[in-house]
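J.: Sequence and predicted model, in that order:
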Amino acid sequence: MSARTKPATAAGTWRLGDLTVNRVGFGAMRLTGTAPFDGGVPRDRERSIGVLRRAVELGVNHIDTAAFYFSATRSANELINRALAPYPEDLVITTKVWPGRDPSGAWWWATPAQLRGQVEENLRQLGRDHLDVVNLRVPPSRRTGSIGEHFGALAELREAGLVRHLGVSHVTAGQLAEARAIAPVVCVQNPYGIGASGEDRSLLRLCGELGLAFVPFFAIAGSGREAGPAARDSETVDAVARAHGVSVAQVRLAWTLQQGPHVLAIPGTGDPDHLAQNTAAASLRLSEDESARLGALGR
């Protein structure tokens, strides 16, 4: 399969610092089971490994993961290591820290001093000597507070060579400014999709003005987030999907990508058919009228 025929390349590229990635990537959270973390049914290990290898064949060179993406029997990082190491030279693996889970699956949040241990855990699981991009994932309880102490600790790990580039996740515009005053930021990973709030839309525009990658999660789920797409969104999205002969998920991904050339998609799945659909969304072009109708949902 030549570079021109790899579907994930059809939406073009953007930069994560000095790293260039195709705008359609892959999220690893659903590799471990049919629902995140300990929910649902465990995925077949070889099937998940096959999905990862197929993603790269389809042109994906940006994978989003985390050490806390694990179930009782599966670890996303271990699956990535098994499937793709030795890693392709152009493959960028992004991870995130601050949240953690102990071996029993219980959640905990790291102190600034504990972030190094979380980075090292990702290094061990992935079999790497440095991480390409690490996002500081801000907890819901800190949505209005300072992230400076934690981001400063990550900046020290960047200076030490354990991390190449830094990003932030689930942040406000104020927290992004605070982080950028401490060290360079290459991406913002926040919830975004059809039905996004005004605050979310403003942050996406700000990232475009700053030349930063905006990496939405919940792009397929939209305003429903963990619960899935909201019922009020479905009629309009369904109509657009029927008009193009594609799935609703593809419409949601295509619409999100059309919000700006700096927007990257990281849809996750453990299903090879869904993977093919998600990467094919890179070439789906919605009309201005369709994009406007979809953008008006939830406002």
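T.: Sure thing, it's come through.
J.: only C-alpha atoms for contact and neighbour calcs from this point on.
T.: Will do.
J.: for the most centrally placed residue in the chain, what are its contacts?
T.: For the chain, I266 is the residue whose C-alpha lies nearest the centre (C-alpha atoms, centre = their mean; 4.2 Å). Residues near I266 by C-alpha atoms under 8 Å, 6 or more residues apart in numbering: V24, G25, F26, G27, H62, I63, D64, V215, P216, F217.
J.: neighbours of the residue nearest to the fourth one when sequence neighbours are not counted, just the number please.
T.: Using C-alpha to C-alpha, 6 or more residues apart in numbering and skipping the chain neighbours, the partner closest in space to G27 is G268 (4.1 Å). G268: 22 surrounding residues under other C-alpha atoms under 10 Å.
J.: Need the three-state assignment for the residue sitting furthest away from the middle of the chain.
T.: Of all residues in the chain, A243 has its C-alpha farthest from the mean position, at 28.0 Å, by C-alpha atoms, centre = their mean. The local conformation at A243, judged by DSSP: H, G, I helix; E, B strand; the rest coil, is helix.
J.: With the one 3 residues further on instead?
T.: When the structure is reduced to helix, strand and coil (three-state DSSP), V246 reads as coil.
J.: for it, phi and psi?
T.: Listed backbone geometry of V246 is phi -130, psi 180, with angles given as degrees, to the nearest 10.
J.: Use 11 as the first number for this chain going forward.
T.: Done: numbering now begins at 11, and the last item shifts to V256.
J.: how many neighbours does it have?
T.: 16.
J.: what sits against it?
T.: Contacts of V256 by C-alpha under 8 Å, 6+ apart: none found.
J.: Which secondary structure elements does the helix or strand in which A165 is found sit against?
T.: Counting by DSSP states H and E, the element that carries A165 is helix 158-169. When contacts are defined as 3 or more C-alpha pairs under 8 Å, 6 or more residues apart in numbering; DSSP states H and E, helix 158-169 sits against helix 125-136, strand 141-147, strand 173-179, helix 183-190.
J.: and that helix, how far from the chain's centre?
T.: How far helix 158-169 lies from its chain's middle: 21 Å, per C-alpha atoms, centre = their mean, to the nearest Å.
J.: Backbone dihedrals for L172, both of them.
T.: Phi and psi for L172, reported as degrees, to the nearest 10, are phi -80, psi -20.
J.: go on, G278?
T.: phi -110, psi 150.
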